Each structure stands twice: as C-alpha cells, then as structure tokens.
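Colleague: Can you look at this prediction? I've put the sequence above it.
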Amino acid sequence: MKSEMNHNLLQLADLKKYYPVTAGLFSRHVGDIKAVDGVTLDVRESEIVGLVGESGCGKSTLARTIPRLEEPTSGKIIYNGNDIARLNKKELSQIRREIQLIFQDPDASLDPRMTVGDSIEEPLVIHHIGDSRERADRVAQLMEQVGLEAGQAGMYPHEFSGGQKQRVGIARALAMNPRLIIADEPVSALDVSIQAQILNLMMDIREKFGLAYLFIAHDLSVIRHMANRVAIMYLGKIVELADKNDLFDSPLHPYTEALLSAVPSFKPKDKDRILLRGDVPSPLNPPPGCHFHPRCHRVMPICSKVKPKQKEVAEGHLVSCHLYK
Amino acid sequence: MIVDVKGLKTHFFTHRGTVKAVDGVDFELRQGECLCLVGESGCGKTVTALSVLRLFDSPPGKIVGGQIRYNDLDLARCPIKQLRQIRGKDIAIVFQEAQSALNPVLTIGDQITEQIKVHLPLNNEQSRDRAKTLLSDMGIPTPETVMHYYPHQLSGGMKQRVLIAMSLSCDPKILIADEPTTAVDVTIKAQILDIFRELKTKRQMSTIFITHDLAVVSEIGDRAVVMYGGKDVETAPVSELIGNPKHPYTEGLIDCLPDMSKSGDRLASIPGTTPNPLELPEGCSFHPRCSKAMGICSHVEPSKTKISDGHFVCCHLYT
C-alpha cells in the first residue's frame, strides 16, 4: 500500500481555465474570468485529496476541466503519463473511463425520464461494453455494491430519496471500473444522517476497489474525515497544500486559519474567532498582488503589490503567502 | 415567557392525503433567549415557525389544533387583521433562501422602506434614513449605494444581511430565522452567526432559530427543540442536549457528524431515510430507524417524559 501511494496518478501543472468576457457589437475581448488560474496539484494512487474553498473559487471548474468537460486554456493534465489536454477524441474516451465524476445534486445529474437502471447502464452502452444481458447483470451487481436492491433498477429517480439518488450516482461512476473519482460536493445536498451513510459508502468502495478521490467540499469537518491531503483554493489558486494533520493542526496561510476558525463546533474555541470581512472578490477583477490581501488579518504592504510564490515550508507543506520566506 | 405554543397541529389537506406536517408540538420562547428548532428536511420545523404567523398557504394548510399564546392573543385563532398588525412589527421572519425572498424587480431600498412605511409613522426620507442605518448595522460597508442595488447585484451573504436588516426594520420583539446559515459559505456563516449573537446581547432579541446543523445550535442556542416526523421528540437546554442527549434520534444526529478533532474512523449513521410525511410509521415515527426500538414502539405513541428541569423527551425508554 505504502509504495503504491507514492505513484502519481494525476498531475496538474499550471492548469488554467479562463472564460473570455466580451462586450459591444463586435464582441470585443475585454477581460477574462480566471476561474482556474495556475493550479499545480497531484493525486497519488489510492489517495484522497480534499479540495476546499468558498463558492466561486473555481473548485467545480477545476473538477470539470480534469476530464476535459471544459477545455483547459493552458497547462498540463497528466494522467498516468499521458497529457489529457493533448489527447485526441478516441484516446480521451479511453481515459475518461478511468476518471469518473460524482456530482453535487443527484436531482440534476440523473435524467428524470430514465430508470435508474438505464442511467447506471448508460456509460456501459456508450463504451460498447458487453451485450444487454451482461450489462443487466453488471447493473444489478453495481446496485448491490452501493447498497441498493437490484430489483429497484426499473424505478425512476423521483421514487428515490436524496441519499438513494446519490447512491445511484456512485453506482454509475463505478460502472467503468475507474481509478480516479472526482467527487464534487457529493454530500452537501444531503441531510446529516444520510451524509454519514454516503461518506461511509465512499470509504468502503475506495477500500474495495483501490480508488483515488479528488474530494471537493466546502465543509471542513467532512474533509478532515475523508482526506489524506488537503488543498485550499482561493480565487482560482491553491493557496495551501499539506497533509491533513499538518493543515488542520498548524495551518500556515491566513485564509486557512480563518476558514478553520469559522467552522462552528461543539467545543468552545480557545482562541478568538478570526472573522473574515466581506465576500470573495469577483474573479473577473481580482485584487492585485495576493488575491486575499483585502480580507487578510495579517496583511503587509508587500501583499497588495507582489504576487506571492508557492513555497515549500515543511516537507510536503506548500503555501503561497509573503509571511513565509 | 413571551410566546407559548401548546399542542400545535398544522395539517395540509392535499389530494394525495393529509400531511401532518406539525402534529402536536409544544414549546415556549422566553424573553431574550435563542431557541433552536432542529431537525432534518421534512421534520416540520419550518412549518412550525410559519404557523406562528400563519404564513403557510391556506388552503391546503390549516392549524387544526393547539394554541400559540402571544400577550393576550392566540395567534392560531385571532382574526387575520390583528395578525397583520403583528407580522413584521412584533414578530418578524428571516426566510431561508435570500435569493427567492427578495423581489428581483425592486431595489433594496424600496423593499426595506415598504415595510417601515406600513408599520411606522415615518415619511419617505425618514424611512430611507432608517433603512440606511439598519444596513450599516448589519455590516454593509456602503449602505447608500446598496439601497439603489437590485438583489442580483449582491452576493449571497449580502442578500442574507439585507434580509436580516429588513426583518429588524420595525424593531420586532421576536425574530424567527429559517435556516439563515444554510446556503452560505463557512466564512459568511460565521459572519451571520455573529450578527445573531450581537442581536441577543445588544437588543435582548428573542429568537426562534431554525437549523439542521447541531454545531450551529451549540454555538448560538440557549435551548433547543429536536423535531422528527412533525413532533418535538426532545427539548432541553443546549449544553444538556449536546452533553446528555436522551432520545436515540438526538444521539444519532450528534454521532453522525464528522468531528473536526478526530478522523478516519467510520461514522456512526442512522439507517434508512427520513419518513414520507404522508405515510408516517405507526407508534413512534422513529422506530423503524431506531437502534433501541422495543416491541411497544411500533404501536404506542410515546408521551412526554421529564428528565430534569427543562429537559423533556418523547421516548418509551424513559417511561
């Protein structure tokens, strides 16, 4: 297990996704929304990397750019040695089998007019796997693996509860025997008692199939429970990346500190809460220098002028902040 | 005691059957406290709060039993004219989704002053001044500009703050807040909780705070009512509820939260799903999911048992 963990399954190198903003009669190019602005991140074999950030920080765009559901503007997406950003359609289709997505809102990601069995079978049909009988067996097997009954395959999504629909979403992601699952806020639409069931299921299938996850969430307690390493994202950039325990026990970036202190908890805080002022600024017109400086409680004069570079402060603990030389 | 709710039943008569959304709920709100209604989707917490001001659609909804005592009035029965005097003025409400609670075609300024002009003897200019003060109290940096904005020009956290400002515009004695922290980011959530904390210390506001998040409850609540299947299954002071939960459902809710201080272990979870309000199970409606269910639970509805002062639970384990 240990040696397996060292192998990089996915490597993102300076990945960028800009959306052009146009204006006027001739659609003049007036600027870019820098949704993902130079992300470097790797996911190792059977590892869970947690990705945290506020709404609008670009975490969902990043998730969609990895299997090229969104075309990257620049940068590399290296999966198992191949750069996904350069593959042709046929090669891409092959690699997309191994990278699957689980979406936040199972209501929106399941077709209401398809039975859940058909929804789970669809990826098998698209990739021409098996005949209809083999596929039906596979669907039954997948449904049992995620805690549904095979007999429910003929039912429609509206007959299921939110938690069950998310199980269908997971079964569909498992259909192609993936190695990497990108889960975009898979439990944030669920009730707490159901959330725990789905998190346990995701841990179980990971163990069983040796999957790696890129697990996106805004709930830090969920991330702490699930992840091996955690990346904190702010306005399109990764501002801190570290092993889970390092990040939660000794956060370096002021933004990480503020996020951690904002989490409501059962225990009274020993320190005063760091209250961030204002909202996340617009990615169309981000503040100069360090994007976080207008909200930062440890801001220095340099922060509004110079973009901080990513530094490795301790082994495997990366941070982009002028506080650390 | 400022509001006293006893045996409240709000049912919805739909073509598919009767939904007993609230089915016999008791609670009291004391002066200056924050009372939390906690539960998962469909447990009846929102309908309970809406019933206090009779704000649900009627038909199909109807209060079929119980009373809501406020001063000398029974809000469950008083004429709608009297209730209108109270809505927004004595008892104000902050709705769940800021996006849909604001009118998209009116400016923020117009929406806040509308309510002020209905209830208070102020002219246009005075009510705009009042609106500006309220917005700046809520930590909105440029109230003058925001007054001219339309809702779509504001972020989620700003909209939530505008809603709170609006609810405070007529100096209500009681504030009902329906999941004000649910759809927002953790940093904005902390800001909003801070506003509610300040309302309590500075204005001695009495608040009914609806949430599904027990961590939020433990941060701002004084007492809490846990609801399941339209009933109040456990009521206790917050520290008592978190530290010494009695109802298996409350225990389950606390255990299934991922804890920030430890990690990696399997989470405890409550099996099954929340029941369909059209087909609530017989007896105790939690029994099909309960790990401590006994024979009696499936056919006899448990009654309220007193555990200690102010701590009540509806469960056969304690009768």
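Modeller: Perfect, I can see it now. No experiment lies behind these values; they were computed from the predicted model shown. Residues are numbered from 1 along each chain as shown, chains lettered A, B, ... in the order given.

Colleague: and whatever residue of the stretch 1-150 of chain B ends up closest to chain A, helix, strand or coil?
Modeller: The nearest approach of the stretch 1-150 of chain B to chain A comes at residue B:40, 4.0 Å away (C-beta to the nearest C-beta). In this view, the C-beta of every residue, glycine as well, is placed from N, C-alpha and C. Look at residue B:40: counting by DSSP: H, G, I helix; E, B strand; the rest coil, its state is coil.

Colleague: Low-confidence bits of chain A, can you list those?
Modeller: Applying pLDDT under 70 to chain A flags residues A:1-6, A:267-272.

Colleague: Show me the beta-bridge partners of the spatially most central residue of chain B.
Modeller: By C-alpha atoms, centre = their mean, the mean C-alpha position of chain B lies nearest to residue B:210, the distance being 2.6 Å. Beta bridges link residue B:210 to residue B:37, residue B:178 when assigned by DSSP bridges.

Colleague: Show the contacting residues for it.
Modeller: B:36-37, B:45-46, B:49, B:176-179 (C-beta atoms under 8 Å, 6 or more residues apart in numbering or on different chains).

Colleague: can you do 7 Å?
Modeller: The neighbourhood of residue B:210, defined by C-beta atoms under 7 Å, 6 or more residues apart in numbering or on different chains, consists of B:37, B:45-46, B:49, B:177-179.

Colleague: now swap in residue A:321 and tell me
Modeller: Here residue A:321 is in contact with A:252-254, A:308 (criterion: C-beta under 7 Å, 6+ apart).

Colleague: Emit the ChimeraX select command for whichever of those are buried.
Modeller: In ChimeraX, a selection of the buried entries from these looks like this (16 or more other C-beta atoms under 10 Å in any protein chain shown):
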select /A:252,253,254,308
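
Colleague: And the contacts of residue A:321, which is closest to residue B:202?
Modeller: residue A:254 (28.7 Å; C-beta to C-beta).

Colleague: ok, which stretches of the stretch 201-325 of chain A are helices?
Modeller: A:220-226, A:244-249, A:254-262 (DSSP state H, counting those that start in this stretch).

Colleague: can you put the ones you listed in CSV and add distance to residue A:74?
Modeller: Formatted as CSV, those follow (distance: least, C-beta to C-beta, whole Å):
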stretch, distance to residue A:74
helix A:220-226, 28
helix A:244-249, 28
helix A:254-262, 25
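
Colleague: hey, which of those helices is tucked in deepest?
Modeller: Most buried of the helices of the stretch 201-325 of chain A by mean neighbour count (mean count of other C-beta atoms under 10 Å in any protein chain shown) is helix A:220-226; its value is a mean of 24.

Colleague: Any chance of the helices of the stretch 201-325 of chain A in CSV with distance to chain B as columns?
Modeller: Below are the helices of the stretch 201-325 of chain A laid out as CSV (distance: least, C-beta to the nearest C-beta, whole Å):
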stretch, distance to chain B
helix A:220-226, 4
helix A:244-249, 7
helix A:254-262, 4
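
Colleague: Make a markdown table out of the contacts of residue B:210 and add distance to residue A:285, neighbour count and pLDDT.
Modeller: Below are these laid out as a markdown table (distance: C-beta to C-beta, whole Å; neighbours: other C-beta atoms under 10 Å in any protein chain shown; pLDDT from 0 to 100):
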| residue | distance to residue A:285 | neighbour count | pLDDT |
| --- | --- | --- | --- |
| B:37 | 41 | 27 | 95 |
| B:45 | 40 | 29 | 90 |
| B:46 | 38 | 23 | 90 |
| B:49 | 40 | 21 | 91 |
| B:177 | 33 | 27 | 94 |
| B:178 | 34 | 20 | 92 |
| B:179 | 32 | 21 | 89 |
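
Colleague: Hmm, residue B:295 and residue B:284 touching each other?
Modeller: No: contact status for residue B:284 versus residue B:295: not in contact, 11.7 Å apart, counting by C-beta atoms under 7 Å.

Colleague: who has more neighbours, the two?
Modeller: Of the pair residue B:284 and residue B:295, residue B:284 is the one with more neighbours under other C-beta atoms under 10 Å in any protein chain shown, namely 27 against 10.

Colleague: Can you report how many residues neighbour the residue nearest to the more buried one when sequence neighbours are not counted?
Modeller: Once flanking residues are discounted, residue B:284 sits nearest to residue B:297: 4.8 Å by C-beta to C-beta, 6 or more residues apart in numbering or on different chains. By other C-beta under 10 Å, the residues close to residue B:297 number 23.

Colleague: quick one: the strands in the stretch 1-150 of chain A?
Modeller: Secondary structure of the stretch 1-150 of chain A (DSSP state E, counting those that start in this stretch): strands at A:8-23, A:28-44, A:48-52, A:74-79, A:82-83, A:99-102.

Colleague: of all those strands, which lies closest to chain B?
Modeller: strand A:48-52 (9.1 Å).

Colleague: the inter-axis angle of that closest one versus strand A:8-23?
Modeller: 20 degrees (axes from the mean of the first three to the mean of the last three C-alpha atoms, to 10 degrees).

Colleague: Return the residues of the stretch 51-200 of chain A in contact with chain B.
Modeller: Remark: the part of the stretch 51-200 of chain A in contact with chain B comprises A:54-55, A:161, A:163, A:191-194, A:196-197, A:199-200, using C-beta under 7 Å from any C-beta of the partner chain.

Colleague: mind redoing it with 10 Å?
Modeller: A:52-57, A:160-164, A:187-188, A:190-200 (C-beta under 10 Å from any C-beta of the partner chain).

Colleague: Would you mark the buried spots in stretch A:190-207?
Modeller: A:190-203, A:205-206.

Colleague: Report all helices and strands that the helix ranked longest in chain B contacts.
Modeller: Scanning chain B for the longest helix, with DSSP state H as the assignment, gives helix B:186-203. Packed against helix B:186-203 by the contact rule (3 or more C-beta pairs under 10 Å, 6 or more residues apart in numbering or on different chains; DSSP states H and E) you find helix A:254-262, strand B:34-38, helix B:124-137, helix B:156-167, strand B:174-178, strand B:206-211, helix B:214-220.

Colleague: What's the local residue count around residue 279?
Modeller: You didn't pick a chain, so chain A it is. Residue A:279: 20 neighbours (other C-beta under 10 Å).

Colleague: switch to chain B, that's the one I care about
Modeller: 9.

Colleague: Backbone dihedrals for it, both of them.
Modeller: phi -130, psi 70 (degrees, to the nearest 10).

Colleague: mind listing what it touches?
Modeller: Contacts for residue B:279 (C-beta atoms under 10 Å, 6 or more residues apart in numbering or on different chains) come out as B:17, B:19, B:285.
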